[in-house]
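Visitor: starting from these lines, generate the structure:
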Amino acid sequence: MTKASRRKMILAIVATDSTFRQRVFRGETLWEGRCIFSGRKLYVTLDGAPVNDVTIEHIVPRTHGGGDQLENLALASSRANAQKGARLDRRAFADPTLQKVIAGLQKKRRERWRDPRPQ
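Guide: Okay, the predicted model is just below:
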């Protein structure tokens, strides 16, 4: 994924995640939102560049057929995302623990969903 396409994807996630609002942080206007896992504050520039350790989380892991549809994507801190991946992504898709985590993240994503504003 190119830097430009990653930034575009991040901005699409921000546009559909109600936890993200524009804020002035250290003199710069940024998007401030919350990690899908921990609720930790995440910051993204207005052009989609991560300011802190922001990563794209695939709720249904790509290893199990999860794609880049916005409903399957969220922003997460790199630490939380790596921990989820290390603990769960290699399990069989039918694994009850993996299914419980996926269901919980899907529910949280639906609760945080907002329709993107027209450009």
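Visitor: what's the helix or strand for Ala92?
Guide: Using DSSP states H and E, Ala92 sits in no helix or strand.
Visitor: for Thr63, phi and psi?
Guide: Main-chain dihedrals, Thr63, degrees, to the nearest 10: phi -60, psi -20.
Visitor: number of nearby residues for it?
Guide: Neighbours of Thr63 under the rule other CB atoms under 10 Å: 13. C-beta: built from backbone N, CA, C; applies to glycine.
Visitor: what's the answer for the one 3 residues further on, then?
Guide: As a burial measure, the neighbour count of Gly66 was computed by other CB under 10 Å and equals 17.
Visitor: tell me the phi and psi of the residue lying farthest from the centre of the chain?
Guide: Going by CA atoms, centre = their mean, the residue of the chain most distant from its centre is Gly27, 24.8 Å out. Dihedral angles of Gly27 (phi, psi; degrees, to the nearest 10) stand at phi 80, psi 0.
Visitor: distance check, it against Leu46.
Guide: 14 Å (CB to CB, to the nearest Å).
Visitor: same thing with Thr2?
Guide: With CB to CB as the criterion, Thr2 and Leu46 are 19 Å apart.
Visitor: who has more neighbours, the two?
Guide: Neighbours per residue (other CB under 10 Å) separate Thr2 from Leu46, with Leu46 holding more: 12 against 7.
Visitor: not counting residues beside it along the chain, what's closest to that one?
Guide: The shortest distance from Leu46 to any non-neighbouring residue, by CB to CB, 6 or more residues apart in numbering, is to Thr29 (6.2 Å).
Visitor: I'd assumed that neighbour was in a strand, is it?
Guide: Yes. Assessed by DSSP: H, G, I helix; E, B strand; the rest coil, Thr29 belongs to a strand.
Visitor: so which residues make contact with the helix-or-strand element of the chain with minimal mean pLDDT?
Guide: Within the chain, no helix or strand scores below helix 78-88, which has a mean of 90 by mean pLDDT, DSSP states H and E. For helix 78-88, contacts defined as CB atoms under 8 Å, 6 or more residues apart in numbering pick out 35-38, 40, 53-55, 57, 61, 76, 95, 97-98, 101.
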